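**Q** Any chance you could fold what I've pasted below:
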Amino acid sequence: MQGYIAFIGKKLGMSQVYSKDGKAVPVTLIEVPNNILIDTKTTAKKNSFTLSSFEDLKKKKHKKTQTKLFEKREVKPQRKIKTFSFTKFSDDTSLEEKEFSIGDFLKDNVLDIRSVSKGKGFQGGMKKWGFGGLNASHGVSLTHRSLGSTGNRRRSGKVFKGKKMAGQMGFKNVAVQNVKVIDVKEEQKILVVSGSIPGAENSTVYITNAIKGFANKAFFNGVKLG
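**A** Next up, the predicted model:
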């Protein structure tokens, strides 16, 4: 019973580990420093927890409302702030804990991980959408990687909205679901998960419990609610 999970982390890069039968398993390393709870809100439909991480940020770089939250909690200004919302699971969301760290409660669980994918700039239809391109011969001149026809001459006579064309590729919010936790290195504050996750190295990632899995409503980040 993993409970509700919410952490802010940083993608360090990819590596590999070996399973018991000797197979190499690709993994991603995520640095997850202690996350500080700076605000809690409860409405009729949901609970919200605001966490911060990666400290040592100048006070002037934060909004006044955020600065007040840090002063209220008596902590140094943090670089990353994120509000995680869950469906309402308790009338009393009081938490005595101020800080949350990764631990054994994450092992062998599945998580949802969100981040911003790598930006690849302006790309053509072949790279962005996997189009086959035009013929390499038979009268085709200098348009081998062309998009082809985009509209029509009769009905409506326009390019329909949503047509796959050249444009910006990547740099979007992407979520990967049901990522399995391979190992938890508590001393180094590193989470080892299977496979790849979106984003470049050193990009910020947001970790939550798997929305398609079961979450024990009595726990948040391994700490009992109430």
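**Q** I'd like the distance between I30 and A175.
**A** Remark: distance between I30 and A175 (Cβ to Cβ, to the nearest Å) = 15 Å. Every residue, glycine included, has its C-beta placed from N, CA and C.
**Q** pretty sure F70 is in a strand, no?
**A** No: looking at F70 with DSSP: H, G, I helix; E, B strand; the rest coil, it is helix, so not inside a strand.
**Q** per-residue pLDDT, the residue lying closest to it once chain neighbours are set aside?
**A** What sits nearest to F70 in space, not counting adjacent residues and going by Cβ to Cβ, 6 or more residues apart in numbering, is P77, at 5.3 Å. Per-residue pLDDT puts P77 at 79.
**Q** what's the neighbour count on P77?
**A** Counted by other Cβ atoms under 10 Å, the residues lying close to P77 total 19.
**Q** still on that earlier bit, compare I30 and A175 (neighbour count), which wins?
**A** Taking neighbours as other Cβ under 10 Å, I30 and A175 compare with I30 leading, 25 against 14.
**Q** which ones are touching that one?
**A** G9, K10, K11, L12, I113, I190, L191, V192, V193, I197, V205, I207 (Cβ atoms under 8 Å, 6 or more residues apart in numbering).
**Q** what's the straight distance from one end of stretch 140-152 to the other?
**A** Distance between the boundary residues of stretch 140-152 (Cα to Cα, to the nearest Å) amounts to 21 Å.
**Q** Now it: buried residues?
**A** L147 (16 or more other Cβ atoms under 10 Å).
**Q** can you list contacts of it?
**A** Contacts for stretch 140-152 (Cβ under 8 Å, 6+ apart): 124-126, 131, 133-136, 157-159, 163, 165-166.
**Q** Tell me the spacing between G130 and Q123.
**A** In terms of Cβ to Cβ, G130 sits 11 Å off from Q123.
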